[in-house]
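In: Have a look; sequence and predicted model below, questions after that.
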Amino acid sequence: MKKVITYGTFDLLHYGHINLLRRAKELGDYLIVALSTDEFNWNEKQKKCYFTYEERKKLLEAIRYVDLVIPEEGWEQKRSDVKEFRVDTFVMGDDWEGKFDFLKDLCEVVYLPRTPDISTTQIKNDLGK
């Protein structure tokens with residue numbers, strides 16, 4: 001079984017997120033999503049989410065491409081997650097290009113193109129108008 005992992009906040013879930021998850025799942029048999037906790041988002045990213053971690057987790061678990069949701073509690077956990085879950089492929093959006101190449105000694109690292117014309121930041125900005 002080929003395992004794939006991706007990371008993110010997945011707040012204000014939109015079709016760009018779904019496209020990423022679908023394409024990530026196409027790279028393997030089992031997709032793990034490491035979901036940023038509320039504490040990690042606030043303490044490390046200074047980002048406040050609209051939906052709580054538990055609400056975002058339930059949304060992700062309802063998506064057919066997602067097999068397992070785990071908490072992301074810090075930047076440094078990626079190496080240990082890849083080892084613990086025996087991950088074959090690490091996937092992120094191409095806005096992170098090169099940032100996770102340090103994992104290439106453990107697994108394949110893939111950066112997928114973002115879905116054009118959609119982002120959570122754009123949605124928040126548009127709603128603020």
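Out: On my side now, so go ahead.
In: pLDDT wise, what is Lys25 at?
Out: Note for Lys25: predicted pLDDT of 98.
In: Ok, Lys124 next?
Out: Reported pLDDT at Lys124 in the predicted model: 68.
In: and what of Leu13?
Out: With respect to pLDDT, Leu13 scores 89.
In: tally of neighbours for it?
Out: Each residue near Leu13 was counted by other Cβ atoms under 10 Å, and the total is 17. (C-beta placed from N, C-alpha, C; glycine too.)
In: Contacts only, for it.
Out: Arg56, Leu59, Leu60 (Cβ atoms under 8 Å, 6 or more residues apart in numbering).
In: any idea how far it lies from Tyr30?
Out: The spacing between Leu13 and Tyr30, counted by Cβ to Cβ, to the nearest Å, is 21 Å.
In: go on, Phe100?
Out: Remark: distance between Phe100 and Tyr30 (Cβ to Cβ) = 19 Å.
In: Could you tell me which of the contacts of Leu13 count as buried?
Out: Among these, those classed as buried by 16 or more other Cβ atoms under 10 Å are Arg56, Leu59, Leu60.
In: does the last one sit in a helix, a strand or a coil?
Out: Yep, that's Leu60 we're talking about. When classified by DSSP: H, G, I helix; E, B strand; the rest coil, Leu60 comes out as helix.
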